[in-house]
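K.L.:
After the sequence you'll find the predicted model.
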Amino acid sequence: MTLINQFLLNKKVTFLNHGSFGACPIKIFNEYQLWQKKLENQPVKFLDQYRDFGPNMTNVRKILSKKINCNSNNLAPVVNATTGLNAIIKSIQFNKGDEVLISNHEYGALEKTWQFIKTKYKIKINVVKVTLPLNSEDQFIHDFTKKFNNKTKILFLSHITSPTALLFPIKKLIRLARQKKIITIIDGAHAPGHIDLNLNTLNADFYSGNCHKWMMSPKGAAFMWSSSKYKNHLDPLIVSHGWNKKNKSINQKGALGNSRFIDMFEYNGTKDPAAWLSVPASIRYINDLKNKKLFKSQSNVLYDYALKLSKIFKMPLLADRKFLPPLMISLPIPKVNELEFQRKLYKNYNIEIPIIPWEDKSFARISYQLYNSKRDLEKLENALKKLLRF
Ligand SMILES: Cc1ncc(COP(=O)(O)O)c(C=O)c1O
């Protein structure tokens, strides 16, 4: 049984790249369009912070905060994780010589954000090479803690990495960083809906994640979260009506006007909030599926198949299973021209999959979402064998 009919995806394409932009089930997409119709039906009432907008946005924060276990007042909507992380990073006061620790597995756009900050403030970006294969949390922690020094101001890490699809064991490391007064910022672009996320127990200083990837919300649904310690020190990326609001007493419903942090990020100009407003529908959808144990069986199929392919190509996986996210694995393949190879897979075999260059290696990053079937993996195996002449 596959769920492909519940999605709008083109069935002629073998779609193994949920990781890049997600895919939205029809049920959720319909709800998204209902919100858009409500908006166009009475735009002024809908976007009025004290009538529909504030209460609707607040309701989503409350539902999402239960799913990812955090205080809803520390959660704000953003259009994507890149925006949330930029808002956080650009709010920090850096001094010349400060150090930022990142791993050698970070997402390219965020590496650029750090390059921007480095040039602007003359700080040092210390790139930590994570020991591979990743099979020991202690080793992972040691890789970072040995680089802690009295100039280290920030530890910035992906929760699930983009090029290599590793699930970093970050919880204990976050605690050790705090003991050294190092601020932790976590890029959780791939985590919501993919792993059981518990922001309270993770206890980082900042976290930003996407709902439009593994929660399968429409594009443009993401959040940023700040610990209480820092949330009132953040700057808005956009200065608009929500900044420096004074009229706290007007709003009786606990929405806008009650929190500097929420006001700044929620009310920043005319926008279509339909993707964010569809997040509760996404949560309902993925909760129902998980009850059916489909998620676990998909994860098992992916892992077994990735292991099989890694044996065929004689290239071991990058980590023990516990450090691999359930539905996405970067399969090492013999070195290729990645762009050309990816295009061939699409043009000759109708397979959509990212072929990723990382360090001096090539990877086929397989996403195996709930709508995929073993047949998709068989097609991939067949194409890889032909193109790589195995
Ligand atoms: C680790 C990581 N961080 C950030 C992002 C950026 O996500 P978005 O484009 O939704 O901001 C991605 C996108 O794939 C990612 O893999």
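P.N.:
Perfect, I can see it now.

K.L.:
gap between residue 275 and the ligand?
P.N.:
Relative to the ligand, residue 275 is positioned 11 Å away (criterion: CB to the nearest ligand atom, to the nearest Å). In this view, the C-beta of every residue, glycine as well, is placed from N, C-alpha and C.

K.L.:
Look at residue 337 and report its pLDDT.
P.N.:
Predicted confidence (pLDDT) at residue 337: the value is 98.

K.L.:
how many other residues sit next to it?
P.N.:
12 (other CB atoms under 10 Å).

K.L.:
Residue 381 versus that one, what's the distance?
P.N.:
With the distance defined as CB to CB, to the nearest Å, residue 337 ends up 21 Å from residue 381.

K.L.:
cool, and residue 233?
P.N.:
Between residue 233 and residue 381 the computed distance is 51 Å (CB to CB).

K.L.:
Then residue 159?
P.N.:
According to CB to CB, residue 159 and residue 381 sit 29 Å apart.

K.L.:
So the two - more neighbours on which side?
P.N.:
For residue 159 versus residue 381, the count of surrounding residues by other CB under 10 Å is larger for residue 159: 25 against 15.

K.L.:
mind checking pLDDT for that one?
P.N.:
According to the prediction, residue 159 has pLDDT 99.

K.L.:
show me what contacts it?
P.N.:
Residue 159 makes contact with 167-168, 170, 186-188, 190-191, 195, 207, 209, according to CB atoms under 8 Å, 6 or more residues apart in numbering.

K.L.:
Looking at the residues you listed, point me to the pair that's furthest apart.
P.N.:
Checked with CB to CB, these reach their widest spread between 167 and 207, with 15.0 Å between them.

K.L.:
Neighbour count: the two, which is higher?
P.N.:
For residue 167 against residue 207, the residue with the higher neighbour count under other CB under 10 Å is residue 207, and the figures read 30 against 22.

K.L.:
could you say what helices and strands the helix or strand the more buried one falls within packs with?
P.N.:
Using DSSP states H and E, residue 207 sits in strand 206-210. Under the contact criterion of 3 or more CB pairs under 8 Å, 6 or more residues apart in numbering; DSSP states H and E, strand 206-210 touches helix 81-91, strand 183-188, strand 222-226.

K.L.:
ok, now with 10 Å
P.N.:
strand 75-78, helix 81-91, strand 183-188, strand 222-226 (3 or more CB pairs under 10 Å, 6 or more residues apart in numbering; DSSP states H and E).

K.L.:
Burial-wise, tell me which of those comes out on top.
P.N.:
By mean neighbour count, with neighbours taken as mean count of other CB atoms under 10 Å, strand 222-226 ranks first of the helices and strands packed on strand 206-210 at a mean of 27.

K.L.:
and the angle for that strand with helix 81-91?
P.N.:
Orientation of strand 222-226 against helix 81-91 (axes from the mean of the first three to the mean of the last three CA atoms, to 10 degrees) gives an angle of 30 degrees.

K.L.:
C-alpha coordinates for strand 222-226, CSV please?
P.N.:
As requested, C-alpha coordinates have been extracted for strand 222-226 and formatted as CSV (Å, rounded to 0.1, in the frame of the first residue of the first chain):
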residue,chain,number,x,y,z
ALA,A,222,8.3,27.3,9.5
PHE,A,223,9.1,28.5,13.0
MET,A,224,11.8,30.0,15.1
TRP,A,225,12.0,29.3,18.7
SER,A,226,14.0,31.2,21.4
